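J.: Show me how the following folds:
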Amino acid sequence: MDSDVTMKRIVLDRMERCSVCHRNFSTDDVHIINRQPDMWTMLVECTDCHARNFVAALMNDGDPSEARLALRRLSESAARELKPDTPATDPADTLPKGAPVSSADVADMHTFLDAFDGDFKQLFSR
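T.: Numbers count the residues shown, from 1 in each chain. Below you'll find the predicted structure:
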């Protein structure tokens with residue numbers, strides 16, 4: 001059997017399903033990023049929700065601290081790829097401008113909520 005397929009199956013034995021959407025992984029979801037004699041790094045990506053997991057598999061007497069460093073580098077690299085080139089806008093800047101909330105507004109909302117029975121269907125059908 002091919003060593004790539006064997007390694008993918010070993011990873012899938014420990015990581016059966018997506019932690020986000022719970023879809024069962026297949027060997028096609030495991031992508032080998034780097035292969036060294038003492039450590040393989042892989043990406044396991046869910047084809048349904050696109051959640052990503054980086055995996056480092058140590059061979060023989062591989063160094064766990066080197067594996068952690070490799071995974072950290074992969075995560076940082078992926079985070080840089082996801083960052084937009086333009087600065088993020090403050091969500092408050094996209095809201096329509098209006099009059100500030102007054103103490104009378106707060107008192108009115110308090111009175112409304114005090115009497116509200118929780119029936120949203122009736123509230124929005126008016």
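J.: And residue 55, how far from residue 100?
T.: 51 Å (C-beta to C-beta, to the nearest Å). For glycine as for every other residue, the C-beta is placed from the backbone atoms N, C-alpha and C.
J.: host element of the nearest residue in space to residue 31 that is not next to it in sequence?
T.: For residue 31, ignoring the flanking residues on the chain, the nearest one in space by C-beta to C-beta, 6 or more residues apart in numbering is residue 43 at 4.6 Å. Assigned by DSSP states H and E, residue 43 falls within strand 39-45.
J.: So in that sheet, which strands flank that strand, and in what orientation?
T.: Looking at strand 39-45 with DSSP bridges, its partner strands are strand 30-35 (antiparallel), strand 52-58 (antiparallel).
J.: ok, back up a step: could you check which of residue 55 and residue 100 has the larger neighbour count?
T.: Neighbours were tallied for residue 55 and for residue 100 using other C-beta atoms under 10 Å; the higher tally belongs to residue 55 (21 against 6).
J.: Tell me, please, where in the chain the pLDDT is lower than the cut-off.
T.: Counting by pLDDT under 70, the chain has low-confidence residues at 1, 82-95, 126.
J.: Name the residue closest to the centre of it, please.
T.: Centroid-nearest residue in the chain, with C-alpha atoms, centre = their mean: residue 51, separated by 5.6 Å.
J.: Surely it and residue 25 touch.
T.: No: with contact defined as C-beta atoms under 8 Å, residue 51 does not count as touching residue 25 (10.5 Å).
J.: which stretches of this protein form helices?
T.: When secondary structure is read from DSSP state H, the chain shows helices at 3-14, 64-82, 103-115, 120-125.
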